[in-house]
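Q: My questions are about this predicted structure, shown below with the sequence.
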Amino acid sequence: MKINILTLFPDMFSGFLNESIIKRALEKELIKINVINIRDFTFDKHKQVDDTPFGGGGGMVLKPEPLFRVLEKFKKSKIIYTSPQGKTLTQNLVKDLSKEKEITIIAGHYEGIDERVIEELVDLEISIGDYVLTGGELPAMIITDAISRLIPGVLGNTASYENDSFYNGLLDYPHYTRPAEYNGLKVPEVLLSGHHKNIEIWRKKESIKRTYIRRPDLLEKKLENKEFSKLEIKLLDEIKK
Ligand SMILES: CN1CCN(c2ccccc2CNc2ccc(C(N)=O)cn2)CC1
């Protein structure tokens with residue numbers, strides 16, 4: 001999987017690329033991430049990447065020329081634009097994107113990019129949620145992180161994505177670690193029992209309970225898609241009683 005990120009602020013990505021799972025995935029060459037400065041594709045004296053909007057109003061818009069030039073190099077990849085106008089990112093969309101050989105993410109800035117770039121070259125506009133950010137760089141990192149976790153080998157065998165919440169359409173169960181009692185607060189007995197089957201069932205029930213209480217919409221979706229196992233149905237009935 002190769003991910004190209006087009007941005008005016010490449011330095012924003014150094015921490016993201018040099019830590020944790022992404023750093024290891026890059027070292028193991030399981031993914032390749034290429035951060036490109038859009039400004040390197042301007043050839044005028046002032047290296048102009050943005051200009052005032054036609055029709056007036058405040059702010060600046062990213063000019064089409066530098067973007068058409070840089071995207072020419074990546075036209076064989078799936079071209080994504082991160083903006084509030086995009087399709088909301090979900091784990092299913094991440095799963096689809098993780099199957100691509102190469103994707104190029106345009107991180108918008110200012111008031112956005114010239115619409116002709118979107119019409120002619122963008123394959124998919126993605127929003128990471130209904131809130132306003134300064135730029136598309138953080139969304140680009142979020143999309144890159146979420147996709148990278150699904151690339152085989154990126155997550156060690158310990159943290160496999162099968163148990164990730166959202167992978168099975170449910171919220172995560174509660175997690176505990178030592179000490180078994182802290183400030184009089186105890187860890188649920190079943191987790192100390194070493195009884196793996198009971199622990200598995202307790203965790204599954206907690207996931208369903210939490211999803212039922214906090215995100216019933218996710219349960220509805222799982223029911224609609226008939227993605228419930230017999231055990232999950234049984235546990236859901238117990239919870240509803
Ligand atoms: C005041 N507006 C200026 C223009 N801007 C904008 C417009 C177009 C592209 C990028 C941006 C950068 N901002 C983003 C980006 C993504 C998201 C998301 N939800 O994925 C939220 N914000 C939106 C904010």
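A: The structure has been received and is ready for your questions.

Q: Over to the residue of the chain found nearest the ligand: give its phi and psi.
A: Nearest residue of the chain to the ligand (Cβ to the nearest ligand atom) works out as Gly108 at 2.8 Å. To be clear about C-beta, it is placed using only N, CA and C from the backbone, and glycine gets the same treatment. Note on Gly108: its backbone torsions stand at phi -70, psi 160 [degrees, to the nearest 10].

Q: what sits against it?
A: The contact partners of Gly108, by Cβ atoms under 8 Å, 6 or more residues apart in numbering, come to 62, 81-83, 135-136.

Q: With secondary structure and neighbour count added, can I get these in JSON lines?
A: Compiled in JSON lines, the contacts of Gly108 are given as follows (DSSP: H, G, I helix; E, B strand; the rest coil; neighbours: other Cβ atoms under 10 Å):
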{"residue": "Leu62", "secondary structure": "strand", "neighbour count": "22"}
{"residue": "Tyr81", "secondary structure": "strand", "neighbour count": "27"}
{"residue": "Thr82", "secondary structure": "strand", "neighbour count": "25"}
{"residue": "Ser83", "secondary structure": "strand", "neighbour count": "20"}
{"residue": "Gly135", "secondary structure": "coil", "neighbour count": "16"}
{"residue": "Gly136", "secondary structure": "coil", "neighbour count": "30"}
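
Q: check those residues against the ligand, which are close?
A: Near the ligand, taking Cβ under 6 Å from any ligand atom as the test, the members of these found are 82-83, 135-136.

Q: In the biggest helix by length in the chain, which residues are buried?
A: If you go by DSSP state H, the chain has its longest helix at helix 196-214. Neighbour-count burial for helix 196-214 flags 199, 202-212 (criterion: 16 or more other Cβ atoms under 10 Å).

Q: Show me what from the chain comes close to the ligand.
A: Residues of the chain lying near the ligand (Cβ under 6 Å from any ligand atom): 82-84, 108, 111-112, 127-129, 131-133, 135-136, 139.

Q: wait, which of those residues is closest to Leu17?
A: Pro139 (15.9 Å; Cβ to Cβ).

Q: What's the local residue count around the closest one?
A: 24 (other Cβ atoms under 10 Å).

Q: List the residues that contact it.
A: Contacts of Pro139 by Cβ under 8 Å, 6+ apart are 82, 89, 107, 126-128, 133.

Q: Farthest pair within the residues you listed?
A: Pairwise over the contacts of Pro139, using Cβ to Cβ, the maximum falls at Leu89 and Ala107, 14.2 Å.

Q: Would you check which pair of the residues of the chain next to the ligand lies furthest apart?
A: Maximum pairwise distance in the residues of the chain next to the ligand, criterion Cβ to Cβ, is 19.5 Å, between Glu111 and Gly129.

Q: Between these two, tell me which one has more neighbours.
A: Neighbours were counted for Glu111 and for Gly129 using other Cβ under 10 Å; Glu111 has more, 14 against 10.

Q: ok, the nearest residue to the more buried one once chain neighbours are set aside to Thr7 distance?
A: Of all residues not flanking Glu111 in the chain, Gly59 sits nearest, at 3.8 Å (Cβ to Cβ, 6 or more residues apart in numbering). Distance, Gly59 to Thr7, by Cβ to Cβ, to the nearest Å: 18 Å.

Q: all strands for the chain, in order.
A: 2-7, 32-37, 50-51, 61-62, 78-88, 102-107, 124-127, 181-182, 185-186 (DSSP state E).

Q: Make JSON lines out of those strands and add distance to Phe43.
A: Compiled in JSON lines, the strands of the chain are given as follows (distance: least, Cβ to Cβ, whole Å):
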{"stretch": "strand 2-7", "distance to Phe43": "17"}
{"stretch": "strand 32-37", "distance to Phe43": "14"}
{"stretch": "strand 50-51", "distance to Phe43": "15"}
{"stretch": "strand 61-62", "distance to Phe43": "16"}
{"stretch": "strand 78-88", "distance to Phe43": "22"}
{"stretch": "strand 102-107", "distance to Phe43": "19"}
{"stretch": "strand 124-127", "distance to Phe43": "28"}
{"stretch": "strand 181-182", "distance to Phe43": "62"}
{"stretch": "strand 185-186", "distance to Phe43": "63"}
